[in-house]
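Student: Pasting the sequence and the predicted model now:
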Amino acid sequence: MSNMAEYPVEHRVSELFAAAKAVQKNAYAPYSHFPVGAAILTPSGRIHAGCNVENAAYPVGACAEAGAIAAMVAAGETAISVILTICDSIEVGTCCGGCRQRVREFATADTLIYACGPDGVRAVFTMEQLLPTSFGPENLNGFVS
Ligand code: THU
């Protein structure tokens, strides 16, 4: 956790890291043995966390980001300021493609996405960097009421 102080205090990286690491321990990953934790900071200052939940019918499993988003929405919030994920891979573990789109629904181009390993932050991206020129709710303006 030594590198947490490198990031702006308003990103609440230490708290997000602690929340993601705690929930990672509850990941249900008996098939991949790859536990993931995710924590979301919303504009209100609340933090919501989720872990991956796998299934014997493999494609039905859910990513940690999906769990954190579900917790955020269940708590009545629909905006992501910062999302941080943690996994144990040697490589930098960024959000999968599907989760980039899931995050995009509640993000802006500037939303921050921190990718962490067990010891701290490995990389940080903006939403625009991870999913450039993306499709989002604004694209449906005028088409849905
Ligand atoms: N996983 C996540 O939870 N988030 C990602 O962005 C990448 C992958 C999970 C899904 C599966 O349970 C395990 O990691 C291995 O792919």
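Tutor: Noted; the coordinates are in hand.
Student: Just give the number of residues close to A74.
Tutor: Neighbour count for A74, taken as other CB atoms under 10 Å: 9. For glycine as for every other residue, the C-beta is placed from the backbone atoms N, C-alpha and C.
Student: what do you get for V124?
Tutor: For V124, the count of nearby residues is 17 (other CB under 10 Å).
Student: ok, now I47?
Tutor: Neighbour number of I47 under other CB under 10 Å is 19.
Student: Confirm for me that it is in contact with I40.
Tutor: Yes. Contact criterion CB atoms under 8 Å: I47 and I40 qualify, at 6.8 Å.
Student: what does this structure have sitting close to the ligand?
Tutor: 29, 32, 34, 36, 52, 54, 61, 63-65, 95-96, 99 (CB under 6 Å from any ligand atom).
Student: Number of residues surrounding A79?
Tutor: A79: 14 surrounding residues under other CB under 10 Å.
Student: In contact with it, which residues?
Tutor: By CB atoms under 8 Å, 6 or more residues apart in numbering, the contact list for A79 reads 42-43, 106.
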